[in-house]
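A.B. asks: Quick check, what structure comes out for this input:
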Amino acid sequence: MFRFFKRKPVASPSAEPVLPELEGAMEPSIAASVGAETIPDRSTERLPQKSANAPSATAASGWFSRLRQGLRKSGAGISGLFGGSRVDESLYEELESALIQADAGMPATQYVLERLRKAVRAARAETPQQVKELLRDVLAELLAPLEKPLDIGLTAPTVIMMVGVNGAGKTTSIGKLTRYLQLAGCKVLLAAGDTFRAAAREQLAAWGERNAVQVIAQQGGDPAAVAFDAVTAGRARGMDVVIVDTAGRLPTQQHLMDELAKVKRVVGKAMEGAPHESILVIDATNGQNALAQLRAFDDTLKLTGIILTKLDGSAKGGVIAAIARERPVPIYFIGVGESLEDLQTFDARAFAQALVG
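C.D. replies: I've put the predicted structure just below:
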């Protein structure tokens, strides 16, 4: 889920922020120069509008179909277990193997099976189909703590620090998240904090041009300095959100993890309490390695959320159960495809339904 608390002029300073309508024209900021190149000014372009109403049944159905398609490997392995006529020990054994193969991991698998056995006894389920329905409920209950809204606007600006390993889809996720926030009426500023890879700065600049937002960047230099400048600029320009990109890195490289901690400290000097969100981008195809990444980045930064990418056919998806069982860091968004619209908020029950089939 996502909530934008847009501050409006009020008579009393003690008044609470109010939620705006999520419809109407956006107000993209004027693009700025990045390095030696200049992003064209597209501030007069009007982005597609997003209604405050719930998505249409057709849109919701289409998104669920893509999610189910993305989890087809795991879904087929689990759903196929319930075609028989008996509920016996062999069914539980086969389900255990299927969950482990789906990257759920042993602790989460054992937890799910224990809860499922209790649910079956309580409901006096007698058919595999009844057990399948109970399994959906057990998984949805396990994943429910991961549903948490990303709150924007309680501070101005809300500073988001994005981290992840190389190849996880971090910069692309920033571009998609920027568009998502714009459609809710947010003014967004980007910081090209990945100063080690020139292509990363150019990639973020391309997303800035595509979304008509400003990008703060330097040719080389200290990523912490770029982040500091971006937060300072965001405050001066009245931005709602500042998103800081960072260099992809392996969590086993402690000196690089220490540099991330430095960026976080410097951002805090630019604005007290920042970053307000430290979000890890995880490639869902990494399986249990994703859990190891979560541990390392969480130990260093105290993560506030996750974006799970590449749930588009090659991922097993069961790692979400492992995350929920071991480190229930909220999953703000999941990516079910390459288009801008394929970044969707996480829905525990929908995910459980897609995974079980």
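A.B. asks: any low-confidence regions in this protein?
C.D. replies: 1, 7-64, 66, 68-70, 72-76, 198, 220, 312-315 (pLDDT under 70).
A.B. asks: switch the cut-off to 50
C.D. replies: Applying pLDDT under 50 to the chain flags residues 9-57.
A.B. asks: got the domain boundaries for it?
C.D. replies: Listed domain ranges for the chain are 26-42+148-356, 72-145 (source: automatic domain parsing).
A.B. asks: Mind putting these into JSON lines with distance to residue 3?
C.D. replies: Quick note: C-beta positions are derived from backbone N, CA and C, even for glycine. JSON lines is the format used below for the domains of the chain (distance: least, Cβ to Cβ, whole Å):
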{"stretch": "domain 26-42+148-356", "distance to residue 3": "5"}
{"stretch": "domain 72-145", "distance to residue 3": "18"}
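A.B. asks: Just say which of those domains is most tucked in.
C.D. replies: Most buried of the domains of the chain, by mean neighbour count (mean count of other Cβ atoms under 10 Å): domain 26-42+148-356, with a mean of 20.
A.B. asks: Could you check how far it is from the centre of its chain?
C.D. replies: Between the mean C-alpha point of domain 26-42+148-356 and the mean C-alpha point of its chain there is a distance of 8 Å (Cα atoms, centre = their mean, to the nearest Å).
A.B. asks: thinking again about what came up before, of all the domains of the chain, which lies closest to residue 4?
C.D. replies: With Cβ to Cβ as the criterion, residue 4 lies closest to domain 26-42+148-356 of the domains of the chain, at 4.7 Å.
A.B. asks: How about residue 258, nearest residue that isn't a chain neighbour?
C.D. replies: residue 300 (7.9 Å; Cβ to Cβ, 6 or more residues apart in numbering).
A.B. asks: Correction: the previous question concerned residue 251.
C.D. replies: Spatially, and ignoring its direct neighbours in sequence, residue 251 is nearest to residue 296 (3.1 Å; Cβ to Cβ, 6+ apart).
A.B. asks: Hmm, residue 301 is touching residue 162, no?
C.D. replies: No. Counting by Cβ atoms under 8 Å, no contact exists between residue 301 and residue 162, whose distance comes to 10.9 Å.
A.B. asks: For residue 71, give me its contacts.
C.D. replies: Residues in contact with residue 71 (Cβ atoms under 8 Å, 6 or more residues apart in numbering) are 311, 315-317, 354-355.
A.B. asks: repeat that with 10 Å
C.D. replies: If you count contacts by Cβ atoms under 10 Å, 6 or more residues apart in numbering, residue 71 has them with 78, 102, 284, 311-313, 315-318, 320, 336, 351, 353-357.
A.B. asks: Kindly report the same for residue 170.
C.D. replies: With contacts taken as Cβ under 10 Å, 6+ apart, residue 170 has the following neighbours: 162-164, 194, 200, 203-204, 245-248, 279-283, 307, 309.
A.B. asks: Helix or strand: which one has the residue nearest the centre of the chain?
C.D. replies: When the chain is reduced to its mean C-alpha position, the nearest residue by Cα atoms, centre = their mean turns out to be residue 307, at 2.0 Å. Per DSSP states H and E: residue 307 is located in strand 305-309.
A.B. asks: does residue 207 really touch residue 217, like I thought?
C.D. replies: No. Between residue 207 and residue 217 no contact is recorded; they are 11.9 Å apart, counting by Cβ atoms under 10 Å.
A.B. asks: shared neighbours of these two, which are they?
C.D. replies: Counting by Cβ under 10 Å, 6+ apart, the common neighbours of residue 207 and residue 217 are 190, 245.
A.B. asks: quick one, helices of this structure?
C.D. replies: Remark: helices of the chain, listed N- to C-terminal, are 57-70, 72-79, 89-101, 106-123, 128-143, 170-183, 198-211, 223-236, 254-270, 288-301, 319-326, 348-356; assignment by DSSP state H.
A.B. asks: Any idea which of the ones you listed gets closest to residue 156?
C.D. replies: The closest of these to residue 156 is helix 223-236. By Cβ to Cβ, the value is 7.7 Å.
A.B. asks: helices and strands around that closest one, which ones?
C.D. replies: Applying 3 or more Cβ pairs under 10 Å, 6 or more residues apart in numbering; DSSP states H and E, we find helix 223-236 packed against strand 158-163, strand 188-191, strand 214-216, strand 241-244, helix 254-270.
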